[in-house]
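S.K.: I'd like to go over a predicted model; first the sequence, then the structure.
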Amino acid sequence: PASSLTLVYGDRGAGKTTFLMQLAARSIEEAPLALFIDCEGNFPWERFYEISTLGPEESARRLKLLTDFDSLESLRRFLISLAYAPRALRVGGCRSILVDDLPLLYQRDLPLPEDKGAAVALNKKLNHALALLALLAKRLAIPVVISSPPRVIPEEGLQPLASRLLHYWCPTIVRLRLLP
């Protein structure tokens, strides 16, 4: 939905990245820009060109792909700059923001279990990044969709990484499952 965050999670290989690419392809068909933040840094352009109806050159021109985030902090700093100057996205006609595997940056930065202070600080950074994405969704009246890799919690089954924070910020949650 527009003006809010949506979480997509599920088994590895269930199609989370493909789902986000399909949303991006539909967005750029209707507007001149979609922002795709790839936290893994391995965006499959060839697959995206197959999905998009605009052709490779026009698809690449309209999809703003960002992959240069080595930590949650670097993404958070970028989101701060966007949140406090969203005019560039508005003027550019941005139709959606898609963030593939956001919790991977969180997972990469996780401290050792005995370092509770660092874990609390990291949770605050993730919370702030999600708050900034929610702010952008509201200011621009666009959907922001976040995908998350899975983790298994013994009592609860398959859950997204950083599930408590993601469930708090994302009013819409979609779970993708592998078909047998």
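M.R.: Ah, there it is. Only a predicted model underlies this, so the values are computations on that prediction, with no experimental measurement involved.
S.K.: now do stretch 165-178: distance from first to last residue.
M.R.: With C-alpha to C-alpha, to the nearest Å as the measure, the ends of stretch 165-178 fall 25 Å from one another.
S.K.: contacting residues around that stretch?
M.R.: 1, 4-11, 13-16, 19, 103, 123, 126-127, 130-131, 133-134, 146, 148, 158, 160 (C-beta atoms under 8 Å, 6 or more residues apart in numbering). Yep, even glycine has a C-beta here, placed from its N, CA and C like the rest.
S.K.: from those, which land in helices?
M.R.: Secondary structure from DSSP state H places K16, F19, P103, N123, L126, N127, L130, A131, L133, A134 of the contacts of stretch 165-178 in helices.
S.K.: which SSE is the spatially most central residue of the chain in?
M.R.: Centroid-nearest residue in the chain, with C-alpha atoms, centre = their mean: V99, separated by 1.6 Å. Taking DSSP states H and E as the definition, V99 sits inside strand 94-100.
S.K.: alpha carbons of that strand, as CSV, please.
M.R.: In CSV, the C-alpha atoms belonging to strand 94-100 read as follows (Å, rounded to 0.1, in the frame of the first residue of the first chain):
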residue,chain,number,x,y,z
CYS,A,94,9.8,8.2,-7.9
ARG,A,95,6.9,5.7,-7.7
SER,A,96,8.3,3.2,-5.2
ILE,A,97,11.3,2.3,-3.0
LEU,A,98,12.2,-1.3,-2.8
VAL,A,99,14.8,-2.6,-0.3
ASP,A,100,16.1,-6.2,-1.0
